[in-house]
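dropping a prediction and its sequence here:
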Amino acid sequence: MYYDTIIKVKNAQMARKESLTVPYSRMDHAVLRALAEKRFVKEVQRKTVGRRSVLEVKLSYEGGKPRIEGVKIVSKPSRRMYRPSAELKPVRQGFGIAILSTSKGVMSNSEARKQKVGGEYLFEIW
């Protein structure tokens with residue numbers, strides 16, 4: 001699930017790793033691409049190792065500090081959270097972003113507001 005991958009990325013950055021590999025899933029790939037667009041990670045590539053597909057995530061640092069300081073998982077399998085575009089507010093006074101799964105794909109809260117689409121409010125990251 002996407003929340004396991006996000007926590008793995010955060011922990012790898014805290015441990016000052018250069019890169020990380022996680023098992024491939026379309027949802028994880030979409031979420032990591034959205035994070036790469038907002039520069040929370042440098043790059044995401046799909047690779048094949050043997051018969052399995054994995055995602056190689058190159059981690060991003062800013063001044064030697066991890067780019068990801070915190071994560072708050074909002075929507076979980078036990079409780080799904082949905083938000084219309086009018087209710088999408090800035091995260092941490094604009095220092096963070098929220099990731100949503102919309103009918104037009106996985107995107108940040110600012111992109112969803114521009115396109116006027118709501119969706120499942122997956123997590124916040126700062």
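Okay, I see it.

okay, CA-based contacts and neighbour counts for the rest of this
OK.

tell me the buried residues in stretch 55-73?
Across stretch 55-73, burial judged by 16 or more other Cα atoms under 10 Å covers 55-61, 66-68, 71, 73.

typo on my end, stretch 99-109
99-102, 106-109.

ranges for the strands of this protein?
With strands called from DSSP state E, the chain shows them at 19-23, 41-49, 52-59, 61-62, 65-66, 71-73, 82-83, 97-102, 105-108, 119-125.

select, out of these, the one closest to T5.
Using Cα to Cα as the measure, strand 19-23 is the one of the strands of the chain that comes nearest T5, at 7.0 Å.

now do the same contact list for the nearest residue to I99 once chain neighbours are set aside.
Sequence neighbours aside, S108 is the residue nearest to I99 in space, at 4.5 Å (criterion: Cα to Cα, 6 or more residues apart in numbering). Each residue near S108 by Cα atoms under 8 Å, 6 or more residues apart in numbering is listed here: 34, 97-100.

if we can go back for a sec, want to throw the buried residues of stretch 55-73 into TSV with distance to E18?
As requested, the buried residues of stretch 55-73 are exported to TSV (distance: Cα to Cα, whole Å):
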residue	distance to E18
L55	14
E56	11
V57	9
K58	6
L59	6
S60	8
Y61	9
P66	11
R67	12
I68	14
V71	20
I73	24
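
with mean pLDDT and distance to A30 as added columns, please give the strands of the chain in CSV.
As requested, those are arranged in CSV below (pLDDT from 0 to 100; distance: least, Cα to Cα, whole Å):
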stretch, mean pLDDT, distance to A30
strand 19-23, 96, 13
strand 41-49, 96, 10
strand 52-59, 97, 11
strand 61-62, 94, 21
strand 65-66, 94, 21
strand 71-73, 96, 16
strand 82-83, 96, 18
strand 97-102, 97, 9
strand 105-108, 96, 6
strand 119-125, 97, 12
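
could those strands go into CSV alongside distance to A12?
Listed next are the strands of the chain as CSV, based on distance: least, Cα to Cα, whole Å:
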stretch, distance to A12
strand 19-23, 7
strand 41-49, 11
strand 52-59, 8
strand 61-62, 11
strand 65-66, 9
strand 71-73, 13
strand 82-83, 29
strand 97-102, 20
strand 105-108, 22
strand 119-125, 15
